[in-house]
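K.L.:
fold the following and give me the result.
(one chain, ligands or ions: 2)
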Amino acid sequence: MAEKQQERYEDSDLYRIRHSAAHIMAQAVLEMFPEGKIAIGPPIEDGFYYDFDLPRPLIPEDLEVIEKRMRQIINGKHPFEKEVISAEDARQLFRDQPYKQELIDGLEKGGQDEYGNPLKEKPEISIYKDDTFVDLCRGPHVENTGKINPSAVKLMNVAGAYWRGDEHKPMLQRIYGTAWHNPKELKDYLWRLEEARKRDHRKLGKELGLFYFSEDIGPGLPLFAPKGEILRYLMESYVRELQTRYGYQHVWTGHLVKEDLYHRSGHYDNYKDSMFPPMIDENVIFRLKPMNCPSHMTLYKEMGRHSYRELPMRFAEFATLYRYEKTGELTGLTRVRALTQDDCHIFCMPEQIESEFSLALQLIQEVLDRYRFSDYKVRLSLRGEQGKYVKDDEKWGRAEAALRAALDANNVDYFEATGEAAFYGPKADFLARDVLGREWQLSTIQVDFIQPARLGLSYIGEDGQEHTPVVLHRAVTGSTERFLGVIIEHFAGAFPVWLAPIQAVLIPIADRHLPYAHQVAEQLKAAGLRAEVDERGDRMNAKIRDAQKQKIPYMLVVGDKELENGEVALRLRSGENPGPIPVDRFIAQAQEDIERGD
Ligand SMILES: [Zn+2]
Ligand SMILES: [Zn+2]
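P.N.:
Ligands and ions are numbered 1, 2, ... in the order given. Have a look, this model is predicted:
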């Protein structure tokens, strides 16, 4: 089941294609502006860029000219040739290129690659040459420019970028481009971009009336309107019921905690930058809760002496946590300062790690399935060689083996990431792809050998002795806010019926049908459906259009005929038009859809 390692992007074909396209673009730009200065041009996710210092701002028409010239260079099938040179020769070669001079200094000193990124080893200095263009570069590249499909390259846009990302340094012009194996891949990518723009949860959130951000409240602190709150409620109740079924107990641990607890748990040292500033009351320092672990562990302790017979104990909580994020890093619901985690801590004996991990995997799989994430895999983060890991080979080895065994037993696709584990134990992260193929890290399960001992947790074992429990930290959807942002885009706002804030809207054709519309709406509500009546005086077609925009699953039109026959004329948001149906039959059908998880 486990692929041992994923192919790294750096080793892929596309990486070489994009890196080579960046060089080709730089050549075309320098031909246009012979006095231009070049900075750096790496491949990035889905494409590449190159930063330039040019005598004038680029306009869209320039990109067309550059793109055309790139195609000519590609068709020239110029080989990429590498040469290792001395720093001195490099300085001479790039004597007119001040940005390259700075990069050469960095390379020579060591600790930096040709893009100025930190590097462990001291690199050799090499150049790559193709056609008339030479770049400070360690590759890799395609064999020759002809290996790039000229119809699968596109320049996207120009943006300002400070040299080395430093606002005190010169502002450069960055041209973004994309390159793929073939035109079909390019077309698919452009479609995904367009679709992602349409599905942007910040845009849809407003259009659907789900949530708002206000200057008066503060950045990263979302306000949820009734329709957004209903979503939160449904998402949380669903997980809550599931957790109860899986043997979890729900607890509540508040919002403020004495800072001292975080010193003892070790969070203060590791997370103090993510905490909001302290609140001081009578010389006691309090913090807004940035995580639940120490609170749940304290609760475990306060509940008295525990026997091995009580284990595993599974504490779950929907807790709103407060994390300090820089305002520039906040984005919609996916990065906020107040986040509600569906957090859980499982207190167990070491020999229960495998079965508890397995149970958590099953729960997570059930949730992902419910939200129609069918394409996911697990990154199993293991300990590496470096010294940051807690030394206890036996514990680590056993826990890692238990995790692998559980993943195999549950048929979960996983790959191993050595050296990625937290310092306190191995962990498994679920990476799920949405309908646009974008990968999101959602659920996580972490094994913890450290905190329970630090906070003095214990249980009395079968041998009558005191032992320290192992804790599994587990989150299913991560946070309600972020997960909501992800599924708004995943479903493009058209939530499954069970989750739709409004499931059915009654659309009376004329005012005289209003009483009947209300009567049906009451019937639906009594049957547990979320229904409302569109009472506005607008024309029927306008109301249908609005309901479709609101992505309401069922539109129920009522006029004379429907009133007479006790029916509703059913239309679906997909545009399908099943037509008249008796009210009770519609209710039964809707309930079936909900039951099925549609
Ligand atoms: Zn290069
Ligand atoms: Zn935790």
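K.L.:
and the residue nearest to the spatial centre of the chain, helix, strand or coil?
P.N.:
Nearest to the mean C-alpha position of the chain, counting by Cα atoms, centre = their mean, stands residue 440 at 3.6 Å. Put simply, residue 440 is strand when judged by DSSP: H, G, I helix; E, B strand; the rest coil.
K.L.:
and it, bridged to which residues?
P.N.:
Here residue 440 sits in beta bridges with residue 432, going by DSSP bridges.
K.L.:
that one touches residue 486, doesn't it?
P.N.:
Yes. Using Cβ atoms under 8 Å, residue 440 is in contact with residue 486, at 5.3 Å. From N, CA and C alone the C-beta is placed, and that goes for glycine too.
K.L.:
list residues touching both of these two?
P.N.:
residue 434 (Cβ atoms under 8 Å, 6 or more residues apart in numbering).
K.L.:
how much space between the residue nearest to the centre of the chain and residue 590?
P.N.:
30 Å (Cβ to Cβ, to the nearest Å).
K.L.:
cool, and residue 358?
P.N.:
From residue 358 over to residue 590 (counting by Cβ to Cβ), the distance is 36 Å.
K.L.:
so these two - more neighbours on which side?
P.N.:
With neighbours defined as other Cβ atoms under 10 Å, residue 358 and residue 590 compare such that residue 590 has more, 22 against 18.
K.L.:
tell me the bridge partners for whichever residue of the stretch 401-550 of the chain sits closest to ligand 2.
P.N.:
Proximity of the stretch 401-550 of the chain to ligand 2 (Cβ to the ion) peaks at residue 473, 3.4 Å away. Using DSSP bridges, the bridge partners assigned to residue 473 are residue 345, residue 446.
K.L.:
wait, it sits on residue 297?
P.N.:
No. Between residue 473 and residue 297 there is no contact under Cβ under 8 Å: 10.5 Å.
K.L.:
spell out which residues of the chain are next to ligand 1.
P.N.:
With Cβ under 5 Å from the ion as the criterion, the chain meets ligand 1 at residues 135, 137.
K.L.:
for the chain, which spans come out with low pLDDT?
P.N.:
1-6, 386-391 (pLDDT under 70).
K.L.:
if we use 50, what do you get?
P.N.:
1-4 (pLDDT under 50).
K.L.:
who in it is up against ligand 2?
P.N.:
293, 473.
K.L.:
residue of the protein nearest ligand 1, please.
P.N.:
Going by Cβ to the ion, ligand 1 is nearest to residue 137 of the chain, at 3.1 Å.
K.L.:
that residue: neighbouring residues, count only.
P.N.:
For residue 137, using other Cβ under 10 Å, the count is 23.
K.L.:
before we move on, what SS does the residue lying closest to it once chain neighbours are set aside have?
P.N.:
Nearest residue to residue 137, sequence neighbours excluded (Cβ to Cβ, 6 or more residues apart in numbering): residue 128, at 4.3 Å. What three-state DSSP gives for residue 128 is strand.
K.L.:
how many neighbours does residue 128 have?
P.N.:
The number of residues near residue 128, taken as other Cβ under 10 Å, comes to 20.
K.L.:
how near is it to ligand 2?
P.N.:
47 Å (Cβ to the ion, to the nearest Å).
K.L.:
thought that residue was touching residue 142?
P.N.:
No. Look at residue 128 against residue 142 with Cβ under 8 Å: they stay out of range, at 10.8 Å.
K.L.:
common neighbours of these two, please.
P.N.:
residue 80.
K.L.:
what is the neighbour count of the residue in the stretch 301-450 of the chain positioned nearest to ligand 2?
P.N.:
Nearest residue of the stretch 301-450 of the chain to ligand 2 (Cβ to the ion) works out as residue 345 at 5.6 Å. Look at residue 345: counted by other Cβ under 10 Å, it has 25 neighbours.
K.L.:
same check on residue 518?
P.N.:
So residue 518, with other Cβ under 10 Å, has 14 neighbours.
K.L.:
please name the nearest non-neighbouring residue to it.
P.N.:
Nearest one to residue 518, counting by Cβ to Cβ, 6+ apart, is residue 533 at 5.7 Å.
K.L.:
could I get the contacting residues of that neighbour?
P.N.:
505-506, 508, 514, 517-518, 521.
K.L.:
next step: those residues restricted to strands.
P.N.:
505-506, 508 (DSSP state E).
K.L.:
identify the residues contacting the closest residue to ligand 2 within the stretch 151-300 of the chain.
P.N.:
Nearest residue of the stretch 151-300 of the chain to ligand 2, counting by Cβ to the ion: residue 293, 3.3 Å away. Residue 293 is in contact with 265, 267, 345, 448, 451, 471, 473, counting by Cβ under 8 Å, 6+ apart.
K.L.:
which one of those is nearest residue 109?
P.N.:
Within these, proximity to residue 109 (Cβ to Cβ) peaks at residue 267, which comes in at 36.2 Å.
K.L.:
and for that closest one, the neighbour number?
P.N.:
Residue 267 has 21 nearby residues by other Cβ under 10 Å.
K.L.:
my guess is it contacts residue 294, does it?
P.N.:
Yes. Using Cβ under 8 Å, residue 267 makes contact with residue 294 at a distance of 6.6 Å.
K.L.:
which residues do residue 473 and residue 297 both contact?
P.N.:
residue 345.
K.L.:
ranking the contacts of residue 293 by neighbours, who comes first?
P.N.:
residue 471 (27 neighbours).
K.L.:
check which helix or strand covers that one.
P.N.:
Following DSSP states H and E, one finds residue 471 within strand 470-479.
K.L.:
what helices or strands is that strand leaning on?
P.N.:
helix 226-245, helix 293-302, strand 338-348, helix 353-370, strand 439-448, helix 451-454 (3 or more Cβ pairs under 8 Å, 6 or more residues apart in numbering; DSSP states H and E).
K.L.:
surely residue 305 is within a helix?
P.N.:
No. Going by three-state DSSP, the assignment for residue 305 is coil, not a helix.
K.L.:
which residues touch the residue lying closest to it once chain neighbours are set aside?
P.N.:
Spatial nearest neighbour of residue 305, chain neighbours left out: residue 460 (6.5 Å); criterion: Cβ to Cβ, 6+ apart. Residue 460 sits next to 305-308, 466-467 when contact means Cβ under 8 Å, 6+ apart.
K.L.:
what do you get if the cut-off is 10 Å, keeping everything else the same?
P.N.:
305-310, 466-467 (Cβ atoms under 10 Å, 6 or more residues apart in numbering).
K.L.:
return the set of buried residues in stretch 425-444.
P.N.:
425-432, 434-435, 440, 442-444 (16 or more other Cβ atoms under 10 Å).
K.L.:
now the next helix or strand after the strand holding residue 471: how far from the chain's centre is it?
P.N.:
Following strand 470-479 in sequence order, the next helix or strand is helix 480-490 (DSSP H and E). Relative to the chain's own centre, helix 480-490 is displaced by 9 Å; criterion: Cα atoms, centre = their mean, to the nearest Å.
K.L.:
do stretch 541-549 as well
P.N.:
The answer for stretch 541-549 is 32 Å, by Cα atoms, centre = their mean.
K.L.:
mind listing residues that contact it?
P.N.:
207-208, 493-494, 502, 504-509, 532, 534-539, 552-557, 571-575.
K.L.:
rerun that using 7 Å as the cut-off
P.N.:
If you take Cβ atoms under 7 Å, 6 or more residues apart in numbering as the criterion, stretch 541-549 is touched by 505, 507, 534, 536, 555, 571, 573.
K.L.:
now do stretch 149-168
P.N.:
With Cβ under 7 Å, 6+ apart, stretch 149-168 has contacts from 21, 39, 47, 51, 58, 63, 66-67, 70-71, 74-75, 99, 116, 169-183, 185-186.
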